[in-house]
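[1] Coordinates for the following, if possible.
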Amino acid sequence: MTIANTIKSAGARLTMGDDDVRALLKKDHDEFKDLLSGLVDGGQGRSRTDLLERLKKNLTAHSRAEEEVVYDAMIRLRAKQDVHVVAEEGYVEHGAVDDLLARISRLDAGTDLWLAHAKVVNVELKFTPYTGDAYLTDWPATLDAIAALQPQKLVPGRGASLQTPAEVKAGLDGTRAFVTAMFESVKRGAAAGLDLRTVYKDTYATLKPRFGHWVIFDHCLPFDVTRAYDEATQYKDPRIWTAQRDKEMWLALEG
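    Purely as a prediction, here's the structure:
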């Protein structure tokens, strides 16, 4: 558990920068997708139980670490009420996953009910697309090109591997829906002459009811909207993210 292990020491808390924290959070998210895939598509009995215990241990440690380095900081350092609400929603989402993992731990791993719970965990941990370096105009057509290949399985950059044609279709459709809705909202705001902060607030309000339960929604969306605003206005090509630009973005959107 990358980030949980790293922040255990007081020294790490003092020396880690924001970019270090994000890198560790992403690494943990990438590890979860492999465990989730095995949980739903792996073997029976003991192997499922072992995978669940690994996922439960790692995800619980990760959630507590994320709360400490992300949500607590948002509540402690930012005075805006809407930012506090975002942080509190993060706690609620983590609590819902904790409850679901506790319920599945009490079931027999060889039963259909256990597998049903495992699939719900997999759905609940659906990952928000990160598009901070994307060509958003081209993305839907790229997804269409992938779909035209009729893949039987697919390994996304985040989230569990897609093991059936139905799962592949759902994954492509979900990504397309998110990217399209997000970019269309940003383009409307940019065309109306709205600034980035206003466009972000409007886009957040538009997407939250439909996609807000996806993992790291609140973390990815600022980067996604900022890149979309760039592409919709004056920057066709993605700009390099630096620690300074990152801080400036958060200040512009939520400061």
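
[2] in the stretch 51-200 of the chain, which spans are helices?
    72-77, 81-105, 112-124, 139-148, 165-191, 196-211 (DSSP state H, counting those that start in this stretch).

[3] out of these, nearest to Glu254?
    helix 81-105 (5.1 Å; C-beta to C-beta). In short, each C-beta sits where N, CA and C put it, glycine included.

[4] Give me the phi and psi for Val215.
    Dihedral pair for Val215: phi -60, psi 140, per degrees, to the nearest 10.

[5] Hmm, Thr128 and it touching each other?
    Yes. Using C-beta atoms under 8 Å, Val215 is in contact with Thr128, at 6.3 Å.

[6] Please say which of these two ends up with more neighbours.
    The neighbour comparison of Val215 against Thr128 (other C-beta atoms under 10 Å) goes to Thr128, with 24 against 19.

[7] Against Gly212, how distant is that one?
    Separation of Thr128 from Gly212 (C-beta to C-beta, to the nearest Å): 9 Å.

[8] Please apply the same query to Ala232.
    22 Å.

[9] Per-residue pLDDT of Arg46, please?
    pLDDT for Arg46: 59.

[10] circling back to that earlier point, out of Ala232 and Gly212, which sits in the busier spot?
    Using other C-beta under 10 Å, the more surrounded residue of Ala232 and Gly212 is Ala232, with 19 against 15.

[11] Which helix or which strand is home to that one?
    helix 217-233 (DSSP states H and E).

[12] could you say what helices and strands the helix or strand following that helix packs with?
    Under the assignment DSSP H and E, the closest C-terminal helix or strand after helix 217-233 is helix 243-254. Helices and strands touching helix 243-254, by 3 or more C-beta pairs under 8 Å, 6 or more residues apart in numbering; DSSP states H and E, are helix 18-41, helix 196-211, helix 217-233.

[13] Apply 10 Å and report the result again.
    If contacts are counted by 3 or more C-beta pairs under 10 Å, 6 or more residues apart in numbering; DSSP states H and E, helix 243-254 sits against helix 18-41, helix 81-105, helix 196-211, helix 217-233.

[14] buried set for the shortest one?
    So that's helix 196-211. The neighbour-count check on helix 196-211 (16 or more other C-beta atoms under 10 Å) flags 196, 199-204, 206-207, 211 as buried.

[15] so what does it touch, helix or strand wise?
    Here helix 196-211 touches helix 81-105, helix 165-191, helix 217-233, helix 243-254, going by 3+ C-beta pairs under 10 Å, 6+ apart.

[16] Wait, Thr49 touches Gly110, no?
    Yes. Counting by C-beta atoms under 10 Å, Thr49 does reach Gly110; the two are 9.4 Å apart.

[17] out of the two, which sits in the more crowded spot?
    Neighbours per residue, other C-beta under 10 Å: of Thr49 and Gly110, the larger number sits with Thr49, 15 against 12.
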